[in-house]
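Q: kindly return the folded structure for what I paste below:
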Amino acid sequence: MKTIKFLSMAILAGSFLASCSSDDNSPEEINEEEIITTMTVTLAPDGGGTAIELKSQDLDGDGPNPPVITVSGNLAASTTYNGSIELLNETETPAEDITEEVAEEDDEHQFIFETSGSIASVSYSDEDGDGNPVGLAFALTTDTAGSATFTVILRHEPKKPNNGTKEDAGGETDITQTFNLTVE
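A: Numbering: from 1, shown residues only. Sure, this is the predicted structure:
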């Protein structure tokens, strides 16, 4: 009989302690990374003219197929282009516009631009609420005729402010693509 009373008291005390636990069993909200299958960079000459489209489309994501890269034309030498970036998730029907999400979460995103060859400069034309660059809009200025590379990297949760390099920005890469260009 003493054993039954003792066990009953132990079970009662254990359930009392468990019910007073400070553990919160509600799941932590997860902010999933964006799935980006398609990046389209549009370069429109300042003052008018035909826009050039740079596109990277990778419908199988991390699958075995490389992205399909297209460049719709050549850039003119010594010209400033107004650039814009559109991001899509084409694994969904209709395609989800990730550009809107990046714009809404601009304090958590930044495009990094790396260039070589006949590109003179790239400068940001937009900023987040704290005055830090985002890169959905930018200006690209070409140099003399020749070849060039233009790498576009979207960093998630970068350090802001930063010096515009991926090393200083840190964070995680959501998408990166290098475009081979001709300036004539």
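Q: ok, residues contacting stretch 111-123?
A: 77, 83, 85, 134-136, 138-155, 164-166, 169, 178, 181, 183 (CB atoms under 8 Å, 6 or more residues apart in numbering). Every C-beta, even on glycine, is put in place using the N, C-alpha and C of the backbone.
Q: can we see that at 7 Å?
A: 85, 134-135, 138-155, 164-166, 169, 183 (CB atoms under 7 Å, 6 or more residues apart in numbering).
Q: this structure: helices as residue ranges?
A: With DSSP state H as the criterion, the chain has helices at 2-19, 98-104, 166-169.
Q: what residues sit buried inside the last one?
A: For helix 166-169, the buried set under the neighbour-count rule, 16 or more other CB atoms under 10 Å, comprises 166, 169.
Q: where do the strands sit along this protein?
A: Applying DSSP state E to the chain gives strands spanning 38-45, 52-57, 68-71, 80-89, 96-97, 109-117, 119-124, 137-142, 146-156, 172-183.
Q: pull the distance from the third one to the chain's centre.
A: Taking CA atoms, centre = their mean, to the nearest Å, one finds the center of strand 68-71 at 19 Å from the center of the full chain.
Q: and for the fifth one?
A: Using CA atoms, centre = their mean, the mean C-alpha position of strand 96-97 is found 13 Å from that of the whole chain.
Q: contacts for that strand, please.
A: Contacts of strand 96-97 (CB under 7 Å, 6+ apart): 88-89.
Q: neighbouring strands - and their directions - for it?
A: strand 80-89 (antiparallel) (DSSP bridges).
Q: compute the inter-axis angle for the strand it pairs with and strand 109-117.
A: With axes from the mean of the first three to the mean of the last three CA atoms, to 10 degrees defining the directions, strand 80-89 sits at 130 degrees from strand 109-117.
Q: bridged to the residue most central in space within the chain, which residues?
A: What sits nearest the mean C-alpha location of the chain, by CA atoms, centre = their mean, is residue 154, with 3.4 Å. Following DSSP bridges, residue 154 is listed with bridge partners residue 111, residue 175.
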